[in-house]
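Engineer: Here is a sequence together with a model predicted from it:
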Amino acid sequence: MGANLLSQAPVALLGLAGDLLLGERLFFLHPVPLMGRMAGALERWLRLHVREERFRSAGLLLPLALCGAFGGGAWLLLELVARLLGPGASALLALFWATQLLAARSLYDHVVAVLSPLLAKDRATARQALSRIVGRDTEGLSESDISRGALESLWENANDALVAPLFYLLLGGVPLLFVYKAASTLDSLVGYKNERYLRIGWASARLDDLLAYIPARLTFLFMFLFLLPFLPEGSGSRRLFGKESRFFVAFRFRRAHPSPNSGYPLSAFAALRGIRLGGGASYFGRWVEKPPIGEGPAPTPVDLVAGLFLYRMFVFSLLVLLCLLVFLWWREAA
């Protein structure tokens with residue numbers, strides 16, 4: 001299955017449309033839980049059969065095995081289906097997987113689950129919903145802290161769950177999309193800088209950072225290109241460049257995050273909305289200090305409402321961009 005940016009555009013467009021329409025309903029044989037189970041089993045096997053002083057070398061096996069198994073397995077299955085049942089059946093399987101592995105609707109729904117009780121002043125339910133999408137401790141968080149956590153999750157994952165998967169789907173088809181999702185899943189399981197995972201999970205974390213590098217910066221640029229027209233009148237400069245522009249503010253804060261990639265979408269939203277994200281948080285009972293991202297007041301539930309609106313406009317703009325790529329593919333094929 002030859003893959004180039006234009007030839008994969010129809011699968012990307014239909015996959016994103018299917019994800020937005022169906023959300024998590026297509027959970028039948030979903031690859032991500034299988035990735036998680038395989039990653040857990042492989043980690044346990046390594047811990048049983050490899051001496052602790054060799055964990056750093058053994059950590060290379062985790063991404064090599066998981067990404068190779070899922071990327072190569074997806075390619076092999078698509079080829080087998082194409083030969084046995086025809087290219088149409090293979091294209092349908094690719095579309096099914098693309099719909100499953102894009103998570104634009106799921107991300108939106110999880111953040112709405114935080115916003116709804118927050119607007120109803122039910123902080124306990126909002127904190128519980130937030131705990132499902134963030135790694136920080138949520139007990140005792142204020143309305144502003146809950147809003148900040150939800151906004152940070154929303155825009156970090158706008159890259160991880162949407163732009164990056166689309167980027168690799170367009171670049172190399174569904175097999176490369178599987179490679180990215182396997183790396184991302186592995187990072188969420190073992191990519192922690194603590195005593196348990198620092199050595200065995202370092203390669204998984206580095207691979208995820210590497211694969212997200214270009215998509216995170218594309219997300220940063222797309223947010224300004226797509227979202228500036230949707231900002232309210234009188235909310236600040238709409239100019240893209242210059243020292244007084246929102247872009248300049250975001251550019252200054254793009255690296256104010258421990259991750260080499262997460263700061264890009266976070267600083268873009270903070271500048272577009274004129275608020276401050278980032279800052280310290282408690283993880284497993286231990287306070288971790290982090291620098292602020294952006295200039296302005298701390299976020300409120302109103303900013304979370306605005307963030308979800310801008311996210312919808314961002315997804316809509318990506319759909320328009322994919323429609324343009326499909327049109328170019330059609331013109332090229334005609």
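Structural biologist: Received, thanks. Numbers count the residues shown, from 1 in each chain.

Engineer: make it CA atoms for all contacts and neighbour counts henceforth
Structural biologist: Will do.

Engineer: got the buried residues for stretch 56-63?
Structural biologist: In terms of neighbour count (16 or more other C-alpha atoms under 10 Å), stretch 56-63 has its buried residues at 56, 58-63.

Engineer: go on, stretch 198-214?
Structural biologist: Going through stretch 198-214 with 16+ other C-alpha under 10 Å, the ones that come out buried are 198-205, 207-209, 211-213.

Engineer: got it, and stretch 68-83?
Structural biologist: Within stretch 68-83, the residues scored as buried using 16+ other C-alpha under 10 Å are 68-72, 74-75, 78-79, 81-82.

Engineer: CA-only coordinates of that stretch in CSV, if you can.
Structural biologist: The C-alpha coordinates for stretch 68-83 follow below in CSV (Å, rounded to 0.1, in the frame of the first residue of the first chain):
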residue,chain,number,x,y,z
GLY,A,68,7.6,-3.0,15.4
ALA,A,69,4.8,-5.5,16.3
PHE,A,70,2.0,-3.0,15.7
GLY,A,71,3.4,-1.1,12.8
GLY,A,72,4.6,-4.3,11.0
GLY,A,73,1.5,-6.2,12.0
ALA,A,74,-0.8,-3.5,10.6
TRP,A,75,1.1,-3.4,7.3
LEU,A,76,1.0,-7.2,7.0
LEU,A,77,-2.7,-7.5,7.7
LEU,A,78,-3.6,-4.7,5.2
GLU,A,79,-1.5,-6.5,2.6
LEU,A,80,-3.1,-9.8,3.3
VAL,A,81,-6.6,-8.4,3.2
ALA,A,82,-5.8,-6.6,-0.1
ARG,A,83,-4.6,-9.9,-1.7
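
Engineer: Report the distance from it to the chain centre.
Structural biologist: 24 Å (C-alpha atoms, centre = their mean, to the nearest Å).

Engineer: Stretch 325-334 too?
Structural biologist: Averaged over its C-alpha atoms, stretch 325-334 has a centre that lies 28 Å from its chain's centre (C-alpha atoms, centre = their mean).

Engineer: pLDDT weak spots in the stretch 1-150 of the chain?
Structural biologist: Applying pLDDT under 70 to the predicted model, the residue ranges of the stretch 1-150 of the chain that meet it are 1-4.

Engineer: hmm, 50 instead?
Structural biologist: Flagging of the stretch 1-150 of the chain using pLDDT under 50 yields the residue ranges 1-3.

Engineer: Run through the helices of it in chain order.
Structural biologist: Using DSSP state H, counting those that start in this stretch, the helices found in the stretch 1-150 of the chain span residues 9-22, 31-49, 55-58, 61-85, 87-101, 104-119, 123-131, 143-158.

Engineer: Which secondary structure elements does the second one sit against?
Structural biologist: The reference is to helix 31-49. The elements that helix 31-49 packs onto, with contact taken as 3 or more C-alpha pairs under 8 Å, 6 or more residues apart in numbering; DSSP states H and E, are helix 61-85, helix 87-101, helix 164-190.

Engineer: Repeat that for the first one.
Structural biologist: Judged by 3+ C-alpha pairs under 8 Å, 6+ apart, the packing partners of helix 9-22 are helix 87-101, helix 104-119, helix 164-190, helix 301-333.

Engineer: ok and that helix relative to helix 301-333, angle-wise?
Structural biologist: The directions of helix 9-22 and helix 301-333 differ by 150 degrees, with axes from the mean of the first three to the mean of the last three C-alpha atoms, to 10 degrees as the criterion.

Engineer: center of this structure - which residue?
Structural biologist: When C-alpha atoms, centre = their mean is applied to the chain, the residue found nearest the centroid is Asp160 (1.6 Å).

Engineer: Go ahead and confirm that one touches Tyr213.
Structural biologist: No: taking C-alpha atoms under 8 Å as the definition, Asp160 is not a contact partner of Tyr213, at 10.4 Å.

Engineer: Many thanks, I have nothing further to ask.
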